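# Sequence below, structure please.
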Amino acid sequence: MQTIIKDLNALENLCLTIKKSILENAKTFKNQIFFFEAGMGSGKTTFIRSLVNSFDKELKVASPTFTGAHLYRGQEFMFFHYDLYQVPLFLEEFYEILNMSETKIIFIEWAEKLDTSIKKQFATEDTKIEKITIEIEETEARVFNFLEL
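Reported below is the predicted structural model:
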């Protein structure tokens, strides 16, 4: 699926569509992972903030660029937000998170830093994985591409 986002209203509408998909997928999958591959300033954290806030407006979503990770506890899900730009993902910790009993939504920014073979290790029968790329057009619109892995 490809979507062009020209303003924050369009982004909120996209997030409501993705929210419906997440809720539907949660009936089948314990974990949903979103790998983000996009450049600096493309809107990764803005998208994640908007999506998490579509579930719970009270959650304060911030970029984990310097800390590496943030956890947001929503009413329906635990949201894990990783940023691999400066901080590597510690795979042992990540596997522990995947095995937790709670239903989780996991966002990984700068996923292109992970080897494809590592990404494939996350694929289990109770985990759904999507790759999201974001490109910036000359008009400053964002082109979102969603691909199931």
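
# what does stretch 73-92 rub up against?
If you take C-beta atoms under 8 Å, 6 or more residues apart in numbering as the criterion, stretch 73-92 is touched by 22-23, 26, 48, 52, 55-56, 59, 61, 63-72, 97, 100, 102-111, 113-114, 118. C-betas here are computed from N, CA, C, even on glycine.

# Which positions within that stretch qualify as buried?
In terms of neighbour count (16 or more other C-beta atoms under 10 Å), stretch 73-92 has its buried residues at 77, 79-84, 89.

# and what of stretch 124-143?
Within stretch 124-143, judged by 16+ other C-beta under 10 Å, the buried ones are 128-134, 142.

# Indicate each strand paired with the longest strand anywhere in the chain and its parallel or antiparallel sense.
When the chain is parsed with DSSP state E, its longest strand is strand 127-136. Using DSSP bridges, strand 127-136 pairs in its sheet with strand 31-38 (parallel), strand 142-148 (antiparallel).

# list the contacts for the residue positioned nearest the centre of the chain?
Centre of the chain computed as the mean C-alpha position; nearest residue by C-alpha atoms, centre = their mean is Phe107, 2.9 Å away. Neighbouring residues of Phe107 by C-beta under 8 Å, 6+ apart: 34, 36, 48, 79-82.

# So which of those are in helices?
Ile48 (DSSP state H).

# mind putting the contacts of Phe107 in TSV, distance to Leu16 and pLDDT included?
What follows is the contacts of Phe107, written out as TSV (distance: C-beta to C-beta, whole Å; pLDDT from 0 to 100):
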residue	distance to Leu16	pLDDT
Phe34	16	96
Phe36	19	94
Ile48	15	95
Phe79	16	94
Phe80	21	91
His81	19	92
Tyr82	24	89
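
# May I see the buried residues of the least confident helix or strand in the chain by mean pLDDT?
Counting by mean pLDDT, DSSP states H and E, the weakest-scoring helix or strand in the chain turns out to be helix 91-98, with a mean of 73. Within helix 91-98, the residues that qualify as buried by neighbour count (16+ other C-beta under 10 Å) are 94, 97-98.

# would CSV of those residues with distance to Glu138 be doable?
Below are the buried residues of helix 91-98 laid out as CSV (distance: C-beta to C-beta, whole Å):
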residue, distance to Glu138
Phe94, 37
Ile97, 39
Leu98, 39
